[in-house]
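Participant: mind folding the following:
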Amino acid sequence: MDKHLFSGLTDPGLVRSSNQDSYHIDPEGRFFIVADGMGGHAGGQEASRIATETIYQYLDHHWRQPVSTEYLLREALLKANQAILADQQTHPERADMGTTAVILTFRGDEEQPWCAHVGDSRLYHLRGHHLTQLTEDHTWIARAIQAGEITSSQSRNHPWRHVLSQCLGREDLSQIDVQPIEVQSGDRLLLCSDGLTEELSDHLIASHLKSIRACEAAALALVNSAKQRGGRDNITVIVVNFHLPETTE
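Facilitator: Numbering: from 1, shown residues only. Below you'll find the predicted structure:
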């Protein structure tokens, strides 16, 4: 993938005194990672940093091994979980830390990219004017919506909307979602932390992605728009254009 067709940005927002988000973009465009840490300033920062570093080091080291991408992604997240647990043992003051993680990969000659995630950091897919959330939030609120206990509109202001059902940094990690992504030339993909989606509706996210073709400018516009609407949390985005010629950037 052409390195000019993706860009990432992270910002502490307007309320938080530190940035507990972390992201990594492989220079060759093979994989992209966003993590959103929790557990106090030091804990959240460390959890997301450990996760991001462990994941990209594992992927880089094992990239050419003859294993499936599904296996590779699942193992990368399990290794990240183990690394955070080990750090908790060494630093009891960070015992409550954890992090979300979402990964997008473009591996070898595979026709489809793959994604994997734990928590509520998201992957979106834009084709034409249609934006689709590809990942399913691992949260109490998402389960309640699926069960019909509350509506999507009610969830926007629900006091439990940030309660995660799964995250990295837990002995009882039981759910890692891994899936192939169907893409075609001209599609755009967006990885983001919930600092973006808490402030911007899917409609506004789609509007920015549709109207700004350059990835760096689109990422900046998304972050600035979230800050203009409150910026109550750290905001991290990675925008990926799939197989668009550089002349359109």
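Participant: just the helices in the protein please.
Facilitator: 40-62, 69-90, 140-146, 152-155, 194-197, 202-211, 215-228 (DSSP state H).
Participant: mind giving me the packing neighbours of the second one?
Facilitator: Applying 3 or more C-beta pairs under 8 Å, 6 or more residues apart in numbering; DSSP states H and E, one finds that helix 69-90 contacts helix 40-62, strand 101-105, strand 114-118, strand 177-180. For the C-beta atoms, the positions are set from N, CA and C on the backbone; glycine is no exception.
Participant: so for residue 128, which of the helices of the chain sits nearest?
Facilitator: The minimum distance between residue 128 and these falls on helix 202-211, with 8.2 Å, by C-beta to C-beta.
Participant: quick check: angle from that closest one to helix 215-228?
Facilitator: Orientation of helix 202-211 against helix 215-228 (axes from the mean of the first three to the mean of the last three C-alpha atoms, to 10 degrees) gives an angle of 150 degrees.
Participant: list the buried residues for helix 202-211?
Facilitator: 204-209 (16 or more other C-beta atoms under 10 Å).
Participant: that older thread, looking at the helices and strands packed on helix 69-90, spot the one closest to residue 234.
Facilitator: helix 40-62 (8.8 Å).
Participant: flag the helix or strand of this structure with the lowest per-element mean pLDDT.
Facilitator: helix 152-155 (a mean of 62; mean pLDDT, DSSP states H and E).
Participant: compute the number of surrounding residues for residue 183.
Facilitator: Other residues near residue 183 come to 18 when the count uses other C-beta atoms under 10 Å.
Participant: likewise residue 217?
Facilitator: 15.
Participant: who's in contact with it?
Facilitator: For residue 217, the contact set (C-beta atoms under 8 Å, 6 or more residues apart in numbering) is empty.
Participant: tell me how far it lies from residue 143.
Facilitator: When distance is defined by C-beta to C-beta, to the nearest Å, residue 217 is 37 Å away from residue 143.
Participant: repeat that for residue 196.
Facilitator: Taking C-beta to C-beta, one finds residue 196 at 22 Å from residue 143.
Participant: residue 15 is in contact with residue 232, isn't it?
Facilitator: Yes. Residue 15 lies in contact with residue 232 (C-beta atoms under 8 Å); the separation is 4.9 Å.
Participant: those two: which has the busier surroundings?
Facilitator: Legend: neighbour count by other C-beta under 10 Å for residue 15 and residue 232, higher for residue 232 (15 against 12).
Participant: what's near enough to touch that one?
Facilitator: Per C-beta under 8 Å, 6+ apart, neighbours of residue 232: 13-16, 195, 198-199.
Participant: let's see if you can find the most crowded of those.
Facilitator: Neighbour max across the contacts of residue 232 (other C-beta under 10 Å) = residue 195, 30 neighbours.
Participant: contact partners for that one?
Facilitator: Counting by C-beta under 8 Å, 6+ apart, residue 195 has contacts 13, 21, 36, 226, 231-236.
Participant: quick check: the gap between it and residue 19.
Facilitator: 10 Å.
Participant: give me the pLDDT value at residue 112.
Facilitator: With respect to pLDDT, residue 112 scores 88.
Participant: that one and residue 184 touch, don't they?
Facilitator: No. In this structure, residue 112 is not within contact of residue 184 by C-beta under 8 Å, at 10.5 Å.
Participant: neighbour count: these two, which is higher?
Facilitator: residue 112 (13 against 8).
Participant: look up how far residue 189 lies from that one.
Facilitator: Distance from residue 112 to residue 189, by C-beta to C-beta: 12 Å.
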